[in-house]
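Enquirer: Below are the sequence and a predicted model for it; my questions follow.
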Amino acid sequence: MCESGDFFAHDRALTKVTPGELVLLLDSGAYGMAQASNYNTRPRPAEVLVDGAEVKLIRRRETWKDLFAPEIL
């Protein structure tokens, strides 16, 4: 969930993305896992390591259950 002033590409032509397609951002700055948070109650994304032609899931996508597990109601 971006803030109104945030963007991933500025003055660039992008291919149209349809629902269900994946988008790869090679460098996402503060949006990378190192600074990921649950701001705006958003689960953190999966983390994938790409090494040449090999792709490995190294951290699964956070679920709503994960997000609210520490809560005491």
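Expert: It's in. Numbering: from 1, shown residues only.
Enquirer: from here on, contacts and neighbour counts on C-alpha atoms
Expert: OK.
Enquirer: Enumerate every residue touching the most centrally placed residue in the chain.
Expert: Among the residues of the chain, the one closest to the centroid is residue 45, at 4.3 Å (Cα atoms, centre = their mean). Residue 45 makes contact with 60, 61, 62 under the criterion Cα atoms under 8 Å, 6 or more residues apart in numbering.
Enquirer: can you do 6 Å?
Expert: By Cα atoms under 6 Å, 6 or more residues apart in numbering, residue 45 lies in contact with residue 61.
Enquirer: what does the one 3 residues further on give?
Expert: Applying Cα under 6 Å, 6+ apart, one finds that residue 48 lies in contact with 56, 57, 58.
Enquirer: can you tell me which of the residues you listed are in strands?
Expert: 56, 57, 58 (DSSP state E).
Enquirer: Make sure the first one is actually in contact with residue 47.
Expert: I take that to be residue 56. No - if you go by Cα atoms under 6 Å, residue 56 and residue 47 don't touch, sitting 8.7 Å apart.
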